[in-house]
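**Student:** I would like the atomic coordinates for the input below:
(4 chains)
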Protein chains: 2
Amino acid sequence: MTKKLISAPLPTLKRLPRYLHILQDLKAKGIKQVSATIIAEELGIDSIQVRKDLSTTGIIGKPKIGFELNELIDHIVHFLNWDNMTDAFLVGLGGLGKAILGYDNFKNYGLNIVAAFDTDPELLDTKVHCVGVFDIKKLEDLAQRMKIHIGVLTVPVSAAQEVAEKMVAGGIKAIWNFAPVKLKLPDNIIIENVFLSQSLGVLTHRLAQLKNTEA
Amino acid sequence: MTKKLISAPLPTLKRLPRYLHILQDLKAKGIKQVSATIIAEELGIDSIQVRKDLSTTGIIGKPKIGFELNELIDHIVHFLNWDNMTDAFLVGLGGLGKAILGYDNFKNYGLNIVAAFDTDPELLDTKVHCVGVFDIKKLEDLAQRMKIHIGVLTVPVSAAQEVAEKMVAGGIKAIWNFAPVKLKLPDNIIIENVFLSQSLGVLTHRLAQLKNTEA
DNA sequence: TTTATATCGATAATTTTTTATCGATAAATA
DNA sequence: TATTTATCGATAAAAAATTATCGATATAAA
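**Tutor:** The predicted structure is shown next:
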């Protein structure tokens, strides 16, 4: 029997960051306490679900009152491990890679991109959004020496598998993958895909449906 | 009491674009027929699920053989309405907005961004990635006149609600929202959110878990 | 021609996720 | 102080999604 892991169903995990957005909003307004009901109303979802999600993370509230806002925020932040800044490498300085580098909000999400890699000679040894750019050949060695565990993959599809393998060779344990391709890596590597086509497909399909029913 | 418009479960809808990636890969290799088993293996999921997803879209295959590759591709593309290019506006030319404009692959996903909007005077009346940039004040009027139905929202959180309302006023029916905020719009507006924090939260949580069990 | 095999589609079972119910409790109010 | 109220957390029910089973069928092999 393995140690009891504090885990959560995937749908719950995905809702937590949204709760956090709401909570930080409320905090900015000077509010001190919050109930599952309020969060649920704000997001247009069921309050029972919010309560269940929160209890999954282990926090306990008070009847009639709800939760201490600060405590709840800290709790979720900790649960997502966003209170521990993790250093990461980003590979692929196309439009998306640059955009991610420029979005320094990720620091609030525990992600600290400390170096970027590309093959474009124009970019090498420059800085993009204050982050140094290196030749992709140095990736493996640097990742090992700096004990980097997260890789952000924003290269074209054609290069994705190869670069991902280099990341793994460098000791990277988790890959945030933006290339629309299935990476084939050892089972113990955590892969989190962002496939914009999925989201766009939902949208275009629904829009077509809407037009069908209207017509 | 909203009418039910969704013709496929959301999880199915989200898997279809992934199937398409695989299928187009196979097509490029000259393959003519494909079975659910092959798609499933390629993605590391269950073949029964693939078969079920495909049958949800209405296509029929042959025992022992599977599906005609071209027919299957066309079928999914049509189901997602990606065979009908839909014109769209993009608002917010920060890093992400520019990156999306630059990624002309979206044309394969039925999305044709025909104009962009921002408030930055530097950008007005220029072109970014061959797309004209206009003052956000013109959004509503232009959307109406050009009968635009999709809006891509890449503005900062602080502006998102306001801009979204302008889109709706201009007749836009579906919003692809990249701002990490819950938009409050009429029920008949289709909203598809891309919250990177969700995906990142899953990744950082899992990585922390992994380290816990190793320790 | 007969047998073996891979896959389909339909139906059923299982698992996961969401939603409902209800007693307990902390605060507000009468 | 007693009553009312909003919310919690636990448990149960319902709904949704995934996975399993099985007969039918098209091709390949014996």
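
**Student:** Please tell me I have it right and A:Leu26 contacts A:Leu69.
**Tutor:** Yes. The criterion here is C-beta atoms under 8 Å, and A:Leu26 meets it with A:Leu69 at 6.2 Å. (Each C-beta comes from the backbone N, C-alpha and C, glycine too.)

**Student:** got the residue ranges for the helices in chain A?
**Tutor:** Using DSSP state H, the helices of chain A run over A:10-28, A:36-43, A:47-56, A:69-79, A:95-102, A:139-146, A:157-169, A:196-214.

**Student:** Need the winner for burial among those helices.
**Tutor:** helix A:95-102 (a mean of 22; mean count of other C-beta atoms under 10 Å in any protein chain shown).

**Student:** Is stretch A:164-172 positioned near chain B?
**Tutor:** No. Looking at stretch A:164-172 against chain B by C-beta under 8 Å from any C-beta of the partner chain, there are no contacts, and the closest approach is 10.2 Å.

**Student:** now for the longest strand seen in chain A, which elements pack on it?
**Tutor:** In chain A, with assignment by DSSP state E, the single longest strand is strand A:111-118. For strand A:111-118, the packing partners by 3 or more C-beta pairs under 8 Å, 6 or more residues apart in numbering or on different chains; DSSP states H and E come out as strand A:86-91, helix A:95-102, strand A:131-135, helix A:139-146, strand A:150-153.

**Student:** From the recorded domain assignment, give the ranges for chain A.
**Tutor:** A:10-79, A:86-198 (automatic domain parsing).

**Student:** okay, those in CSV with distance to DNA strand C and mean pLDDT next?
**Tutor:** CSV is the format used below for these (distance: least, C-beta to the nearest atom of the strand, whole Å; pLDDT from 0 to 100):
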stretch, distance to DNA strand C, mean pLDDT
domain A:10-79, 3, 97
domain A:86-198, 16, 97
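
**Student:** so which of the ones you listed gets nearest B:Val50?
**Tutor:** Smallest distance to B:Val50 across the domains of chain A (C-beta to C-beta): 13.2 Å, for domain A:86-198.

**Student:** How far does the closest one stretch from one end to the other?
**Tutor:** 28 Å (C-alpha to C-alpha, to the nearest Å).

**Student:** what's the answer for stretch A:162-175, then?
**Tutor:** 13 Å.

**Student:** what's the answer for stretch A:33-52, then?
**Tutor:** 18 Å.

**Student:** So which residues make contact with that stretch?
**Tutor:** A:12, A:15, A:18-19, A:22-23, A:26, A:54, A:61, A:65-69, A:72, B:182 (C-beta atoms under 8 Å, 6 or more residues apart in numbering or on different chains).

**Student:** What residues are bridge-paired with the nearest residue to A:Gly61 once chain neighbours are set aside?
**Tutor:** With sequence-adjacent residues excluded and distances taken as C-beta to C-beta, 6 or more residues apart in numbering or on different chains, A:Gly61 is closest to A:Phe67, at 4.4 Å. Beta bridges link A:Phe67 to A:Val34, judged by DSSP bridges.
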